[in-house]
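Trainee: one predicted model, sequence on top.
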Amino acid sequence: MKKSEVFIKQLLKVLINGLNLHEIDETKELLLMGSMRTNFNYYPKCPNLELTVGVSRHSDVSTLTILLQDEIGGLFVRGNDGDNWIDVPPIKGSLVINVGDALQIISNGKYRSVEHRVVANGSKNRISIPIFVNPRPIDMI
Ligand SMILES: O=C(O)CCC(=O)C(=O)O
Ligand SMILES: [Fe+2]
């Protein structure tokens with residue numbers, strides 16, 4: 001977690017630069033990344049795909065979500081215009097970075113929270129590991 005914190009802070013620095021804010025002081029750091037949680041998601045294979053969902057459409061409440069997915073695939077993000085879903089294929093050694101609701105609010109909508117979903121696989125189990133980077137629960141944004 002310590003190493004990911006360094007990377008996350010660098011990433012947030014680049015993003016807030018785009019908002020004409022050039023320093024992450026202690027107050028901003030708490031607001032942007034004061035609370036972090038790692039999940040381990042396991043999606044068992046489901047031969048009857050019509051009986052399962054995976055994860056239904058949602059956006060994360062986080063500032064950012066840093067996601068490691070295995071090689072199975074099944075993650076889709078919602079396109080900007082309309083109802084199209086864009087496949088996010090697994091690329092070995094890469095991470096998926098999603099903007100969440102908190103960063104959308106903090107940036108006044110300059111960065112948009114991305115809607116996404118996961119489609120279960122009919123023949124293979126899938127694992128993903130997201131780190132949710134959040135304001136602290138007591139913070140008002
Ligand atoms: O498993 C994935 O690829 C995404 C999971 C997800 O959207 C979530 O845990 O919020
Ligand atoms: Fe999510």
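Mentor: That came through, no problem. Ligands and ions are numbered 1, 2, ... in the order given.
Trainee: just checking, what packs against the host helix or strand of Leu32?
Mentor: Assigned by DSSP states H and E, Leu32 falls within helix 26-33. Packed against helix 26-33 by the contact rule (3 or more CB pairs under 8 Å, 6 or more residues apart in numbering; DSSP states H and E) you find helix 2-17, helix 101-106, strand 126-134. All C-beta atoms are positioned from the backbone trio N, CA, C, and that covers glycine.
Trainee: how many residues are close by the residue in the chain positioned nearest to ligand 1?
Mentor: Closest approach between the chain and ligand 1, counting by CB to the nearest ligand atom: Ser128, at 3.3 Å. Residues near Ser128, counting by other CB atoms under 10 Å, number 20.
Trainee: so what's it up against?
Mentor: Counting by CB atoms under 8 Å, 6 or more residues apart in numbering, Ser128 makes contact with 41, 43, 67-70, 75, 118.
Trainee: quick check, nearest of those to Glu26?
Mentor: Leu67 (27.3 Å; CB to CB).
Trainee: please tell me how far Asn20 sits from Gln104.
Mentor: The gap separating Asn20 from Gln104 is 17 Å, by CB to CB, to the nearest Å.
Trainee: scratch that, Glu115 is what I was asking about
Mentor: Glu115 is 11 Å from Gln104, by CB to CB.
Trainee: and for Met140?
Mentor: 16 Å.
Trainee: show me what from the chain comes close to ligand 1.
Mentor: Within the chain, the residues that sit near ligand 1 (CB under 6 Å from any ligand atom) are 39, 41, 55, 60, 67, 69, 75, 116, 118, 128, 130.
Trainee: could you list the low-pLDDT ranges of this structure?
Mentor: Low-confidence segments of the chain, defined by pLDDT under 70, span residues 82.
Trainee: count the residues that sit near Asp83.
Mentor: Neighbours around Asp83, by other CB under 10 Å: 6.
Trainee: does it sit in a helix, a strand or a coil?
Mentor: Three-state call for Asp83 (DSSP: H, G, I helix; E, B strand; the rest coil): coil.
Trainee: kindly report the same for Lys92.
Mentor: Going by three-state DSSP: Lys92 is coil.
Trainee: tell me which element the nearest residue to it once chain neighbours are set aside falls in.
Mentor: Counting by CB to CB, 6 or more residues apart in numbering, Glu71 is the residue found nearest to Lys92 once chain neighbours are left out, at 7.2 Å. Per DSSP H and E: Glu71 is located in neither a helix nor a strand.
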